[in-house]
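In: build me a structure from this.
(one chain, ligands or ions: 1)
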Amino acid sequence: MTETQTLTNDSAPKWWSCTAPNLDYVPPKDFKLPPTLVPVTLNPRGTTEVPQKTTKDYTKVEYKWKHFLPYNTATADPPLTPFDHVDPSSRADPTKASLFEVLKNRKDMTPNIGTEVTGAQLSQLNSMQRDELALYVAERGVIVFRKQDFTHHSPEWLKEFGTHFGRLHVHQFGTHVQDHSELSTLFRDNDDSYFDVTTSGRLNTLGWHSDMTYEINPPGTTFLCALTTPDCGGDTLYLNAMTAYDRLSEPMKKLIEGLSAVHEGTRQTVTAYKTNIVRREALDTVHPMVRTHPVTGRKALWVNPVYTTQIVGLKKEESDGILKILFDHIKTGLDFHTRVKWEDDTVAVYDNRMVMHSVVLDYPLGTTGRRHMLRVTPQGEKPAL
Ligand SMILES: [Fe+2]
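Out: Here you go, the predicted model:
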């Protein structure tokens, strides 16, 4: 019996995540631990966490968010288990009356995507209002909440909150809060972060994607929280993939609705070996090119230039040509884009099924340019047309 199998039901976490013990799992013999590490026992949680490289040791200076500093974990985690997801929006009152009772100050950022909310705390929403929030986010794509106390709560509270929206995702190499691998961290104050490596040698830093579309159950309603933001820059761009689909001609819709495409997690992990520690083998997964939201019934374009590499069944030139048309379409459709300018304590809630996003790495590195974010990432259903 390995160390991971010693967790009993009594000690199992009350939040629902893939880190719950899988008693049937046998680590693959050829799992490759990063060469920079000494051999470790498989899955001894808490003993293999190492801090992300930063410009200085923030544990030794005054820093408000020390407890959310980024850590890598070197383990040989089992693959994520596919599951049937019941979306919280399926329980929502379509009028969202209970939610709007609280979210009185709402201002749309653009006609097609994005709404900004002030004067309300996400953390105070009850169960019914959280269901209605999931529906509202699916409709508007992204809702931006200002001046939140959301991340002032404990890691355990954050995980319980997130679990309302689905099983919490653990990234195969992304950094996370120490001892809480379900709480992803995005921390950039040095020049060899994952994002800097992926964008080096390119004309711009953009990479349009939905999060982890290579997973069998990719994320649904997602919470991205700003802890520390640069004085200027480091915005996140969002686009409405439902509008992107709607704009296509009927023959093009008909063509891609009959097709599936490959989403490569392995490509992301190859880059990650240069900057991060990989904890789980990556997947390449085939998904339909158009997916339908299980409750709103809206269709969204479900290919992105970061992870989608080929259309199944087509010749290479055919696949490359169609993907280029679709990628150019989403990149240039500024009339279904919006931009979130972060402030400390801003939380953006977005539906990863219905929108795509990209960080903008336009701010200087160094302590004045520090960007520290935390993401709670519930998984959704397996994409289906
Ligand atoms: Fe992302």
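In: tell me the contacts of R375?
Out: Applying Cβ atoms under 8 Å, 6 or more residues apart in numbering to R375 gives the contacts L183, S184, T185, L186, T222, F223, L224, C225. The C-beta positions use only the backbone N, C-alpha and C, and glycine is treated the same way.
In: and G380, by the same measure?
Out: Per Cβ under 8 Å, 6+ apart, neighbours of G380: H85, D87, G166, N217, P218, P219, G220, T221, N352, R353.
In: re the thing from before, the contacts of R375: which two are farthest apart?
Out: Using Cβ to Cβ, the pair of the contacts of R375 lying farthest apart is T185 and T222, separated by 14.4 Å.
In: looking at these two, which has the bigger crowd around it?
Out: T222 (28 against 22; other Cβ atoms under 10 Å).
In: I'd guess that one is in a helix, am I close?
Out: No: using DSSP: H, G, I helix; E, B strand; the rest coil, the assignment for T222 is strand, not a helix.
In: state the next helix or strand along the chain beyond whichever helix or strand R291 is part of.
Out: Element membership of R291, judged by DSSP states H and E, is strand 290-292. Scanning forward in sequence from strand 290-292 by DSSP H and E, the next helix or strand is strand 299-301.
In: which elements pack onto that next one?
Out: When contacts are defined as 3 or more Cβ pairs under 8 Å, 6 or more residues apart in numbering; DSSP states H and E, strand 299-301 sits against helix 241-246, strand 290-292.
In: circling back to that earlier point, packing partners of the strand holding R291?
Out: So strand 290-292, by 3+ Cβ pairs under 8 Å, 6+ apart, packs with helix 250-257, strand 299-301.
In: can you redo those as a markdown table with mean pLDDT, distance to F327 and mean neighbour count?
Out: Shown next, in a markdown table, are the helices and strands packed on strand 290-292 (pLDDT from 0 to 100; distance: least, Cβ to Cβ, whole Å; neighbours: other Cβ atoms under 10 Å):
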| stretch | mean pLDDT | distance to F327 | mean neighbour count |
| --- | --- | --- | --- |
| helix 250-257 | 98 | 13 | 14 |
| strand 299-301 | 98 | 10 | 23 |
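In: can you redo the ones you listed as a markdown table with distance to V359?
Out: Output for those, formatted as a markdown table (distance: least, Cβ to Cβ, whole Å):
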| stretch | distance to V359 |
| --- | --- |
| helix 250-257 | 27 |
| strand 299-301 | 20 |
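In: which stretch among these comes nearest G234?
Out: strand 299-301 (26.2 Å).
In: show me what contacts the residue lying closest to A244 once chain neighbours are set aside?
Out: The shortest distance from A244 to any non-neighbouring residue, by Cβ to Cβ, 6 or more residues apart in numbering, is to L301 (4.5 Å). L301 sits next to A241, A244, Y245, L248, I256, M289, V290, L326, I330 when contact means Cβ under 8 Å, 6+ apart.
In: which residues in the stretch 201-350 of the chain form strands?
Out: Under the criterion DSSP state E, counting those that start in this stretch, strands of the stretch 201-350 of the chain are mapped to 221-228, 236-240, 260-264, 284-288, 290-292, 299-301, 308-311, 337-340, 347-351.
In: and the helices and strands packed on strand 290-292: which comes nearest V50?
Out: That would be strand 299-301 among the helices and strands packed on strand 290-292, by Cβ to Cβ, at 37.5 Å.
In: rewinding a little: how about the helices and strands packed on strand 299-301 in JSON lines, adding mean neighbour count, distance to E49 and mean pLDDT?
Out: JSON lines is the format used below for these (neighbours: other Cβ atoms under 10 Å; distance: least, Cβ to Cβ, whole Å; pLDDT from 0 to 100):
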{"stretch": "helix 241-246", "mean neighbour count": "23", "distance to E49": "35", "mean pLDDT": "98"}
{"stretch": "strand 290-292", "mean neighbour count": "22", "distance to E49": "35", "mean pLDDT": "98"}
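In: now the lengthiest helix in the chain against strand 236-240, angle please.
Out: Longest helix of the chain, by residue count under DSSP state H: helix 316-332. Helix 316-332 and strand 236-240 are oriented at 110 degrees to each other (axes from the mean of the first three to the mean of the last three Cα atoms, to 10 degrees).
In: in terms of secondary structure, what does helix 316-332 contact?
Out: Partner elements for helix 316-332 (3+ Cβ pairs under 8 Å, 6+ apart): helix 241-246, helix 250-257, strand 308-311.
In: tilt between that helix and helix 250-257?
Out: Using the same axes, to 10 degrees: helix 316-332 against helix 250-257 is 110 degrees.
In: spatially speaking, which residue is in the middle of this structure?
Out: Central residue of the chain (Cα atoms, centre = their mean): D211, 4.0 Å from the mean position.
In: that residue and P378 touch, don't they?
Out: No: the pair D211 / P378 is not scored as a contact, 10.9 Å apart, by Cβ atoms under 8 Å.
In: spell out which residues are contacts of both of these two.
Out: With Cβ under 8 Å, 6+ apart, D211 and P378 have common neighbours P219, T222.
In: let me see the contact set for E318.
Out: Contacts of E318 (Cβ under 8 Å, 6+ apart): I311.
In: quick one: it from Q310, how far?
Out: 10 Å (Cβ to Cβ, to the nearest Å).
In: ok, now S260?
Out: 10 Å.
In: please apply the same query to V278.
Out: 23 Å.
In: between those two, who's got more neighbours?
Out: Using other Cβ under 10 Å as the criterion, V278 and Q310 rank with V278 on top: 24 against 16.
In: pretty sure that one sits against T175.
Out: No: with contact defined as Cβ under 8 Å, V278 does not reach T175; the gap is 11.8 Å.
In: going by neighbour count, which of the contacts of R375 comes out on top?
Out: T222 (28 neighbours).
In: any idea what that residue is bridged to?
Out: Y350 (DSSP bridges).
In: which residues touch it?
Out: Taking Cβ under 8 Å, 6+ apart, one finds D211, V349, Y350, D351, N352, R375, V376, T377, P378 in contact with T222.
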